[in-house]
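> here is my input, please return the structure:
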Amino acid sequence: MTKTTQTSTDVQDMVAQADTGARNPGGIAGRILWFVPLCWSLFQLWYASPLPFIFNFAILNDTEARSVHLAFAIFLAFTAYPARKHSSRDRIPAIDWLLALVGSLSAGYIYLFYSQLAERSGAPTQIDIIVAVCGMILLLEATRRALGPPLMVVAAVFLLYTFGGPHMPDVIAHKGASLNKTMSHMWLTTEGVFGVALGVSTSFVFLFVLFGAMLERAGAGAYFIKVAFSLLGHMRGGPAKAAVVASGLSGLVSGSSIANVVTTGTFTIPLMKRVGFSGEKAGAVEVAASTNGQLTPPIMGAAAFLMVEYVGISYVEVIRAAILPALISYIALLYIVHLEACKAGMTGLPRRYKPTIAQSLLSFVGTLLGLIVISGAVYYGIGWTKDAFGAAATPIIGVLILVAYVALIKVSANYQDHAMENPDEELLEVPEPGPTIKSGLYFLLPIVVLVWCLTVERFSPGLSAFWATVFMIFILLTQRPLLAMFNKEKTLRDAAREGVDDLLESLVSGGRNMIGIGVATAAAGIVVGVVTLTGIGLVMTDFVEFISGGNIMLMLLFTALISLILGMGLPTTANYIVVSTLMAPVIVTLGAQSGLIIPLIAVHLFVFYFGILADDTPPVGLAAFAAAAIAKSDPIRTGIQGFTYDIRTAILPFMFIFNTQLLLMDIDSWWHLTLTIVSAVLAMLTFSAATQGWWFTKTKWWEVALLLLITFSLFRPGYWWDMVYPAKHEMPGVLIADVADKLDVGQPLELQVSGENLEGKTISKLVLLPFDEEAITPDDRIASTGLMLRQDGEKMMVDMIEFGSAAELAGIDFDWEITKVSLPAVRPMKEWVFVPTLLLLGALGWNQRRRAKAGIIQ
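Here you go, the predicted structure:
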């Protein structure tokens with residue numbers, strides 16, 4: 001075996017250990033390990049489809065479905081993953097079969113005895129508790145096997161905290177819970193293991209993972225890689241730029257950083273080294289690009305779907321909030337690669353064709369904005385049919401997509417010699433863009449279906465993924481026969497058989513890819529259950545406030561550090577669940593007490609970003625180890641280099657916490673949107689130049705300082721503008737009626753309130769209360785927020801709170817005082833700060849160009 005083959009085998013083995021399970025036995029065991037994930041995928045498709053309701057058969061509620069979902073995951077965790085690294089991988093010991101059966105029966109207990117458990121809710125029997133204890137122990141062991149010790153340890157520590165509450169330090173002590181109460185809460189209700197996280201895994205995540213597995217099996221992954229190279233491979237450091245784009249596109253196919261590294265890295269890393277990148281830098285570029293693949297809408301791994309449930313907003317709103325940070329992060333990585341290539345004087349791969357102007361423009365615009373254009377084309381280009389044809393629009397579009405599919409297959413059949421069946425094949429020159437793009441254009445149609453369902457039909461993420469997956473099943477079954485019919489290279493029977501094989505293997509692959517996510521969301525549910533059972537969430541507010549001294553920046557740094565540390569051992573999904581459960585409410589609460597209103601989606605994205613960054617954080621980052629194995633470089637150095645590239649991503653969460661326009665919130669016009677996007681892109685490019693120490697030539701220390709100042713000013717113009725023009729006028733609380741009268745429709749009522757909370761502690765915080773748009777008089781506007789007030793001398797007191805109102809949701813209680821009320825100030829827009837900022841940037845650029853032309857490096 002050659003060294004290259006051995007490296008490839010080691011990398012694939014690393015992916016198997018991390019994502020799909022390292023075991024691959026033969027005989028009956030192998031067939032079972034193939035058949036069970038196939039059944040799991042078929043079950044998930046049935047559950048997501050309308051068929052149970054059409055046939056009135058096998059209709060499951062959410063809890064029953066979660067039970068079956070976890071039963072499959074635990075069974076496969078014990079059969080697909082060996083107990084130890086050095087355990088046999090070509091056979092499954094009898095003890096593992098036993099543990100798999102007991103674990104899956106324990107997980108399926110809720111489904112099997114759902115009616116009986118519902119009748120004795122809150123009064124578990126001894127059998128219930130025994131099953132719960134067995135299930136909990138086996139879930140922790142399944143988690144250890146599939147994901148390593150860290151998540152198991154975190155979940156076990158939280159369980160111990162539940163039992164040892166009275167013996168804990170005073171700051172985190174609680175009254176404790178009995179074994180019966182804990183196990184009942186964790187295993188027999190939807191507050192713990194079978195909670196929201198596992199529900200999201202069951203309803204949404206599985207189908208998106210299956211969709212990605214089908215895209216990969218159909219050849220979309222290889223197609224995206226080659227298209228990226230055809231568009232960017234000729235540029236300075238072209239293979240690295242193509243790796244960035246290919247990894248971003250692969251984010252559609254894979255929700256796993258390590259799988260993304262291996263899928264694109266086996267092809268891109270050797271090419272990067274060929275044009276002059278060192279092993280460490282080649283691996284680091286791939287790691288940075290692949291970890292950021294999880295930031296890219298519309299899929300974003302599993303965490304995006306969890307945000308829908310935890311934040312209480314639609315999936316489209318999550319995508320809208322995440323799209324600009326993801327876009328500018330990728331543009332910046334492309335620019336970092338360009339700067340590295342400029343520093344080293346690199347060139348791109350040779351090309352044998354002379355590009356047209358259109359091809360040159362396509363290289364830049366098409367690569368960066370392709371998916372956004374597709375989404376916009378779907379929403380604005382064919383979205384109007386919904387208004388024009390009503391209910392008939394969906395079948396009309398369905399027929400048009402089928403016609404387009406057959407037409408694009410016919411086009412692709414003429415260019416199959418440009419298609420890349422194997423992403424490991426060696427590439428010596430840049431493929432011609434036109435034929436390469438035409439060789440697989442039909443792969444974009446499933447994305448069109450997904451975007452249509454999400455944005456136009458406004459289906460749930462689960463139902464949207466179901467219809468996109470149904471279309472992918474159709475593609476897998478028909479693409480080879482249609483290509484064979486147009487090409488006449490093989491018989492229709494052979495092509496049809498290959499299509500069926502592709503479908504079955506993709507169903508099995510989708511099931512095996514879900515093992516880790518299934519047990520991770522269940523184990524993370526233990527943490528959520530402990531929080532709801534013990535009330536530690538309330539304690540965390542005092543704890544973090546004590547550590548940070550009430551300073552919002554220190555609190556955010558503390559949260560980022562927790563996310564990075566936990567993320568080194570936890571998968572992104574589990575890390576997000578744990579940290580967001582503990583820290584998101586704390587940040588919102590303490591932010592309000594500091595006079596800063598932080599939207600919940602911003603906090604959740606903050607946690608999500610740092611959880612992802614942990615994938616390339618030494619000394620544990622698995623993505624860095626995989627890239628280093630391919631690049632034959634030192635994994636620690638590769639991880640450190642990857643993290644330096646990812647610093648640009650690390651500053652983004654801090655910026656959008658304080659400037660929510662980066663999440664496309666509070667945007668009031670198209671020109672405002674354009675200004676926000678352009679300034680954010682410029683800010684990120686400027687920051688990249690500062691951190692790389694190179695722009696047109698090597699930067700001096702004072703130039704780096706000015707570039708960082710420019711970055712900050714472009715990201716947060718309001719920081720400087722507030723010093724010149726205060727953002728609001730503050731008035732005593734007794735003037736609340738005057739302020740309510742002057743507010744425009746759509747502007748919330750901003751109040752500073754203070755009072756005692758349930759623990760008897762006096763707190764003060766800032767709240768925003770939206771009022772009813774139909775309310776005209778000041779009293780009606782105040783009443784529509786849920787506030788009933790009384791004036792007590794010079795104080796405005798809360799007399800009563802309407803149940804379920806905005807005031808109650810904001811945490812206001814009766815007998816609290818409204819100390820201040822604010823009215824937005826009329827002032828010039830804060831974006832005027834960009835004028836001196838851009839002038840300074842222009843001066844710096846002129847000086848850099850002057851030095852570069854003169855050949856001055858120092």
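
> and the next helix or strand past the strand or helix carrying Thr436?
Using DSSP states H and E, Thr436 falls within helix 433-438. Sequence order places helix 444-451 as the next helix or strand after helix 433-438, per DSSP H and E.

> just checking, what packs against that next one?
helix 206-218, helix 367-376, helix 393-413, helix 461-487 (3 or more C-beta pairs under 8 Å, 6 or more residues apart in numbering; DSSP states H and E). All C-beta atoms are positioned from the backbone trio N, CA, C, and that covers glycine.

> ok, and which of those has the densest surroundings?
Mean neighbours per residue, mean count of other C-beta atoms under 10 Å, is largest over the helices and strands packed on helix 444-451 for helix 206-218, with a mean of 26.

> just how off-centre is that helix within its chain?
17 Å (C-alpha atoms, centre = their mean, to the nearest Å).

> just stretch 798-811 next, same as before
33 Å.

> counting neighbours, which bits of it end up buried?
Neighbour counts using 16 or more other C-beta atoms under 10 Å place 798, 801, 805-807, 810-811 of stretch 798-811 among the buried residues.

> quick one, phi/psi of Pro124?
Torsion angles at Pro124 (phi, psi; degrees, to the nearest 10) stand at phi -70, psi 150.

> give me the element the nearest residue to it once chain neighbours are set aside is part of.
The shortest distance from Pro124 to any non-neighbouring residue, by C-beta to C-beta, 6 or more residues apart in numbering, is to Ser184 (4.6 Å). Ser184 belongs to helix 179-187 when assigned by DSSP H and E.

> by contact count, what packs against that helix?
helix 126-147, helix 149-163, helix 515-534.

> show residues contacting stretch 339-349.
Applying C-beta atoms under 8 Å, 6 or more residues apart in numbering, the contact partners of stretch 339-349 are 229, 232-240, 271, 274-277, 281, 427-430, 688-689, 692, 694-695, 698.

> assumed Ser822 was part of a helix.
No - residue state for Ser822 (DSSP: H, G, I helix; E, B strand; the rest coil) corresponds to strand; a helix is not indicated.

> and it, what are its bridge partners?
Glu730, Glu750 (DSSP bridges).

> just to revisit the earlier point, got a quick PyMOL command for the buried subset of the contacts of stretch 339-349?
Burial among those is assessed by 16+ other C-beta under 10 Å; the matching PyMOL selection reads:
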select buried, resi 229+232+233+234+235+236+237+238+239+240+271+275+276+277+281+427+430+688+689+692+694+695+698
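
> which ones among the contacts of stretch 339-349 map onto strands?
The members of the contacts of stretch 339-349 all map outside strands under DSSP state E.

> domain parsing for the protein?
18-184, 678-725+827-858, 728-826 (automatic domain parsing).

> relative to Val578, which of these is closest?
Nearest to Val578, of all these, is domain 18-184, at 6.5 Å by C-beta to C-beta.

> could you give the number of residues near Trp97?
15 (other C-beta atoms under 10 Å).

> now it: closest residue in space that isn't a chain neighbour?
Trp97 sits nearest to Thr79 (C-beta to C-beta, 6+ apart), 7.2 Å away.

> what's the first helix or strand after the helix or strand harbouring that neighbour?
Here Thr79, judged by DSSP H and E, is contained in helix 62-80. The first helix or strand that comes after helix 62-80 along the chain, using DSSP H and E, is helix 94-107.

> got the contact list for that following helix?
Looking at what lies outside helix 94-107 - C-beta under 8 Å, 6+ apart - the contacts are 67, 70-79, 83, 112, 131-132, 134-135, 138-139, 141-142, 187.
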